[in-house]
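Enquirer: Okay, structure incoming, though there's no sequence with it:
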């Protein structure tokens, strides 16, 4: 057992998210399934969406019943309609049946919204945790439901497959096109031939593989994450069917689901405050009154229904549920608590009495009693009698209440596993939150930090109780405490970005008003110093001074004020602002643990989901700050620990790259005691982007149905657009960590899940590559690796086989490693596995097992092309099955023979080439001598001389310069015929010609100019593009938008630390077309330019600094957004075709255009030039500048 002492603690707001879910399988029927329709869907489509949803859910119940063998179907479904849809609108007949609820943010299982940038309208499951764990949510486009009448069977099949992933934690059981980790084919362990990476003899109607059809050796995502278990095995081990639950039903038909349509109204919040003698100590009750006033008067958005109830051995309503819509009503409710607490002992408090009084108050309100949030503000966590607990469970279920709890003051720590029939268990059962405020008293006083923690706790509950799209709710931008006793200034800075509203609120919190100086100085980003004396507002009932900043300037502000606080008190500065109506950045945080107590033996992963509306935010900088509560031996605060989270798709712990879910193991081996966890997220200095949908992709539902998209370990987006730099902070709460009593290292390295092996058939080697794991989970550097080669998958699974020696030492976590292994055994299917070991000899889990097949050298000679193709399709691995260990980088006799033969052949080839060059040189010299003699004879007879490049020292006319031109090498009597051919070949278009004939211009004409272009580049033939001029305009540095996620193992990240981001790659397609992307540095918008040929990719250059988004084709760039291709580690991006980059008006573009074609000289001019050459006259250059 861990032994620790809870010392006097600093300010803290603690929160533990509930992990209970309303979705349950009861008697073969799912209850509590919630489907939500997004606000971005039009009400005009209401009838089609609702009708399609009814069809799909009914058919899904039938297919689910069949797929599970009669074990499960749908019984009850709740559909949450958008709040913006009007109930009296004739376009939605279902609105007459809608039930209103006040539960603003219910747990949603299926989200129906706009199309996804990659998946389109097809359903897809977001999974952030491992095998057998329920996923996060299923997303589906509304367009899929509007076509349900026509394609219901296909839609239901896709939805059933995603349901299987979401509910039971299985993954894709087939290969992904272009993915080397999950290839489309693999080597059959029996036949040694390639086979499809999928089930054998599987019923096409089933969305998963049955045990008898499953192939554990198949290299797909499911086998990697589930260690080769079949999907059916994982399903039967789930909470739905484990231990004999929900055996096949006696019924032969599936349930017909009951569908209830609801619409959220304004949220209802009941503050249920304990009023016992425990609140009499120090200033606890006074702080409760001040915190309630601050939150009710200043923080809760307009339209919210709020009531206040106090309880001890009985309960009473001190403020009935009232809608907040004016300042007078806010102040009345905010100041409704009694001035002095009762003297009733804490042991006599009655939780059930409080809940009953809260429900009574809700029933008397106009908003109704269903779906409200009840917030307990109470001390300790006393055990509740079983009768009282059961009755509270019944009431909360019947009235659909969510119970939140603020443990105030938290005077002692109890492990969550000791809470049975306690209030915390009731909170978790209703998917609520538990928050704690540490008791901080000094004599008869309480510290200001305790008041701030209580205020923050209440504000956190409020934010989680109101809709996420309410822009009037305040966001905390800056919060900083300044200790007293120094009689000095409190100075700091804060930033206001474009994602915030126009107004901001600067607040100074104090213990005593005399602690704050007379002047508060604010300096704007432009350097203007604001005088705040006339705009300060004091609220002594909340111990705060406000400064409202209307139309606040964007950028970094600074502040300064006098701090006269006592040594045991201080000042606290907070800056808040509403979110802009144009930007909705949503943050959700959770952990892999179901409680707030974690032992070192149980690894805990923290997750942070960052979304822009429903789209993932990529390339954000996400930092989890772990602050240990209390003080160290010197009486000072503990140093915080910063944990950077990643969306990298390495598999352990992050499942999928590009889903907007950032994750990391908490370093529990270094944690001891209670820690406050706060998630800080920012735009990573402008590198954060969001994906943009290509509206031409999946233009029809049939296209969506036909494409079996597989994203593997990364979602690859074709286009992204930059986001304004932003900053958000989200309090997760407090977690306690109990370490081993003997301080023994028991944490192992994380699992390697991206092992890839490639065959080098020529050199009889295989190349291995993988991402380095950590030493303790994904922290630090492992000590060494162990790798084996086995003759069967089962042997590799238990790490039995021949050892590979000389494996390289582990690198820093997240870095790529590789090695080569020589092969001595052929024509066998072998299996390779790898794992990391730490310095305490704790082994990590076995990596993904990869098979490979290397044909014998004789096969390589006779069938080299076929085997090379096969190797690319393998889930390749390397192994040597000789009796000795596999040789790394060594040479045997066979190798020496091959090398010697290759060297001999190389020498012979060089000798033949040298002789050929020598003979060619002799022949050329003889030919040159003969040409000189012929020219001399022709000159004496009046013929046209044969001008060679070596002899032509002066600039000559374009008609005669090139010796390959037919005009310069024929007698004068044939010149008319040749001139006619020459004119035909290099003809220029005349006014009557519909289109120019694109031919090669005169050889010596290379004119380059800067001019306006009146047609898009896509219509410019690549044959007209010449080499770039000597002075070429360069692209600005840092002008590329890319999406490269690197993995940095920061252990203590100082403020402002940014993650490393690699440089941009080059984008090219198989057709050798290069698309160039250049940014307008002033606006941060990225524009595509192109295409240009691979051979002349630098010759077409446009200055896009003057291009605005209005020049981009609106049909391809919705909402005026511009975007460019992101670069993923896994690759796989394909640029759009030329037609998709259309410039409507390029009059502002200054570009290097193709060289103009010189006009055709007249026959007389050409004849004169030829005659002059024959007679040795000065040549006249006949070139017209265009």
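Expert: Here it is on my side, so go on. Computed from a predicted structure; not experimentally measured. Residues are numbered from 1 along each chain as shown.

Enquirer: contact partners of the strand or helix carrying residue 377?
Expert: Secondary-structure assignment from DSSP states H and E places residue 377 in strand 373-378. Residues outside strand 373-378 that contact it (C-beta atoms under 8 Å, 6 or more residues apart in numbering): 103, 267-274, 288, 349, 351, 354-355, 358, 401-408, 423, 432, 458, 461, 465. C-beta: built from backbone N, CA, C; applies to glycine.

Enquirer: Count residues in the vicinity of residue 848, would you?
Expert: Under the neighbour criterion other C-beta atoms under 10 Å, residue 848 is assigned a count of 25.

Enquirer: Then residue 242?
Expert: Burial measure for residue 242: 12 neighbouring residues, criterion other C-beta under 10 Å.

Enquirer: Not counting its neighbours along the chain, what's nearest it?
Expert: The shortest distance from residue 242 to any residue other than its chain neighbours is 7.3 Å, reached at residue 236 (C-beta to C-beta, 6 or more residues apart in numbering).

Enquirer: Would you mind confirming that the one you found makes contact with residue 245?
Expert: No. Checked against C-beta atoms under 8 Å, the pair residue 236 and residue 245 is beyond contact range at 10.2 Å.

Enquirer: returning to that earlier point: out of the contacts of strand 373-378, which sit inside strands?
Expert: The members of the contacts of strand 373-378 that map onto strands under DSSP state E are 268-274, 402-408.

Enquirer: filter those to the buried ones?
Expert: 268-274, 402-408 (16 or more other C-beta atoms under 10 Å).

Enquirer: So what would you say the end-to-end distance of stretch 204-214 is?
Expert: For stretch 204-214, the first-to-last residue distance is 14 Å (C-alpha to C-alpha, to the nearest Å).

Enquirer: what comes up buried for that stretch?
Expert: Of all the residues in stretch 204-214, those buried under the rule 16+ other C-beta under 10 Å are 206, 207, 208, 209, 210, 213, 214.

Enquirer: The last one and residue 199 touch, don't they?
Expert: Yes. With the criterion set as C-beta under 8 Å, residue 214 and residue 199 qualify as a contacting pair; they are 6.4 Å apart.

Enquirer: list the contacts for residue 488?
Expert: Taking C-beta under 8 Å, 6+ apart as the definition, contacts of residue 488 comprise 562, 563.

Enquirer: quick one, phi/psi of it?
Expert: For residue 488, the backbone dihedrals (degrees, to the nearest 10) come out as phi -130, psi -160.

Enquirer: From residue 517, how far off is it?
Expert: With distances taken as C-beta to C-beta, to the nearest Å, residue 488 is found 10 Å from residue 517.

Enquirer: anything in contact with each of the two?
Expert: Any residue near both residue 488 and residue 517 by C-beta under 8 Å, 6+ apart counts here, and that gives 562, 563.

Enquirer: Could I get the full set of helices for the stretch 751-900 of the chain?
Expert: Along the stretch 751-900 of the chain, the segments classed as helices by DSSP state H, counting those that start in this stretch run 793-797, 857-862, 864-873, 893-940.

Enquirer: mean pLDDT lowest for which of those helices?
Expert: Taking each of the helices of the stretch 751-900 of the chain in turn, the one with the lowest mean pLDDT is helix 864-873, at a mean of 32.

Enquirer: biggest strand in the protein, by residue count?
Expert: For the chain, assigning by DSSP E, the longest strand comes out as strand 727-738.

Enquirer: these two touch, right, residue 800 and residue 789?
Expert: No. With the criterion set as C-beta under 8 Å, residue 800 and residue 789 do not qualify as a contacting pair; they are 10.5 Å apart.

Enquirer: Between those two, point out the one with more neighbours.
Expert: Regarding residue 800 and residue 789, a neighbour count based on other C-beta under 10 Å identifies residue 789 as having more, with 26 against 13.

Enquirer: Distance check, that one against residue 171.
Expert: In this view, residue 789 and residue 171 are 26 Å apart by C-beta to C-beta.

Enquirer: Also residue 349?
Expert: According to C-beta to C-beta, residue 349 and residue 171 sit 48 Å apart.

Enquirer: Show me which of the two is the more surrounded one.
Expert: For the pair residue 349 and residue 171, the greater number of neighbours falls to residue 171 (25 against 22), based on other C-beta under 10 Å.

Enquirer: residues in contact with the more buried one?
Expert: Residue 171 makes contacts with 127, 131, 165, 220, 221, 222, 224, 225, 226, as judged by C-beta under 8 Å, 6+ apart.

Enquirer: Let me know the secondary structure of residue 186.
Expert: With DSSP: H, G, I helix; E, B strand; the rest coil as the basis, the three-state label of residue 186 is strand.

Enquirer: neighbours of it, just the number please.
Expert: Number of residues near residue 186 (other C-beta under 10 Å) recorded here: 26.

Enquirer: hmm, back to that, give me the sheet partners of the longest strand of the chain and which way each runs.
Expert: With DSSP bridges as the test, strand 727-738 is paired with strand 597-599 (parallel), strand 673-682 (antiparallel).

Enquirer: measure residue 22 to residue 429 for me?
Expert: Taking C-beta to C-beta as the criterion, residue 22 is separated from residue 429 by 10 Å.

Enquirer: Kindly report the same for residue 41.
Expert: Taking C-beta to C-beta, one finds residue 41 at 32 Å from residue 429.

Enquirer: Compare neighbour counts for these two and give me the winner.
Expert: Neighbours of residue 41 and residue 429, each counted by other C-beta under 10 Å, are more numerous for residue 41; the result is 22 against 17.

Enquirer: Surely that one touches residue 140?
Expert: No. The pair formed by residue 41 and residue 140 falls short of the contact definition of C-beta under 8 Å, at 11.3 Å.

Enquirer: residues shared between the contacts of those two?
Expert: With C-beta under 8 Å, 6+ apart applied, the overlap between the contact sets of residue 41 and residue 140 consists of 112, 113.

Enquirer: Fine by me, we can end here.
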